[in-house]
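>>> quick one, fold the following:
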Amino acid sequence: MQAFHSAWTRPFFARNPGARFEIEPFELLTTALSALQWRSLGGSICMITDGAGAAYYHANRLECLWDGGLRVELDRIPPEVNPCVFWAAGKLFALRQMDLPCVMMDTDFIVWKDISDQLKGCDCAAIHREDLVDSIYPPLDAFAFDDELDLSGLDWAERPLNTAFAFFADRALRDRYCEKAIEIMLHAPMAQDALIYMVFAEQRLLAMLAKNYRVRALSDIGSLFTSGQQSFTHVWGFKQQMRDDPQAYDAFCRKCAARLLREHPAEAETLRRIPSLMHFF
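As a prediction, this is how the structure comes out:
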């Protein structure tokens, strides 16, 4: 199964004007585990990024992580897409470039077991559904879109699909999803809330459009974060805790480094040469 990671650097530069692009240590380590573990299960994976992202990965010799290579595709994202609001836009522009079937996977998401049987017969799958909490998934009147955007026919009662891991087999659904999500990004010039707009375009919209397709949720939030559940790891909910707790950050990175050394020693040797990662190995 072909999968892809994506890295769009424009949000980083929008938040850090004049800075040199870099990725946090825990994110580099989970990226490596995500890619290498997927490959160990028999899959193939590429990284779709922009020029700045590709330069960073090449400078650190990290192209070895993706057997499908580094693809520089995201420099063409229209400047009208606000990188501070639609910070995950890159993955949707990347999805448009992929042959199907394919898996869209965040760099902080790791699949530990073969899930190919769970994907059979699906038009689309995602890691889990999300609850309709108004602070995250508010009604339409909370948004400020321009008059040209047509959102008629969408079922706002559909529970969103979390796309940290998402599988696409139906071309019509994939194309409609990408087209409408990008349209939303281009018709929200007054948008300021970086949470509700992004998760609407990325997660809630997918569930709305996939309503009449064969859709599967591979897990649920309770199982995903339960100790002993060994099929998936999604680091998202732990990121801020690590940033607030240096000891937890260090322990997590050392655990990732140890696993890389044990299971992927050649790639671990490359990672341990990166200055920000040296002491974790």
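>>> residue 254 contacts residue 277, correct?
No: contact criterion Cβ atoms under 8 Å: residue 254 and residue 277 do not qualify, at 10.5 Å. Heads up, the C-betas are built off the backbone N, CA and C, glycines and all.
>>> between those two, which is the more surrounded one?
residue 277 (22 against 14; other Cβ atoms under 10 Å).
>>> residues in contact with the more buried one?
The neighbourhood of residue 277, defined by Cβ atoms under 8 Å, 6 or more residues apart in numbering, consists of 25, 28, 29, 253, 257, 271.
>>> now do the helices in this structure.
Per DSSP state H, the chain carries helices over the ranges 10-15, 25-40, 51-59, 89-95, 116-119, 171-186, 196-199, 205-209, 221-224, 239-244, 246-263, 265-271.
>>> can you pull out the low-pLDDT segments for this structure?
223-229 (pLDDT under 70).
>>> residue nearest the centroid of it?
For the chain, the residue nearest the mean C-alpha position is residue 106 (2.7 Å; Cα atoms, centre = their mean).
>>> quick one on the thing from earlier: make a markdown table from the contacts of residue 277 and add distance to residue 171 to it.
Supplementary listing: those in a markdown table, determined by distance: Cβ to Cβ, whole Å:
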| residue | distance to residue 171 |
| --- | --- |
| 25 | 38 |
| 28 | 33 |
| 29 | 34 |
| 253 | 40 |
| 257 | 40 |
| 271 | 36 |
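>>> just these now: which is nearest residue 150?
Distances from residue 150 to those, taken as Cβ to Cβ, are shortest for residue 28 (40.9 Å).
>>> quickly note the distance from the closest one to residue 134.
35 Å (Cβ to Cβ, to the nearest Å).
>>> who has more neighbours, these two?
Using other Cβ under 10 Å as the criterion, residue 28 and residue 134 rank with residue 28 on top: 23 against 9.
>>> name the nearest residue to the more buried one, sequence neighbours excluded.
residue 277 (6.3 Å; Cβ to Cβ, 6 or more residues apart in numbering).
>>> tell me the spacing between that neighbour and residue 88.
25 Å.
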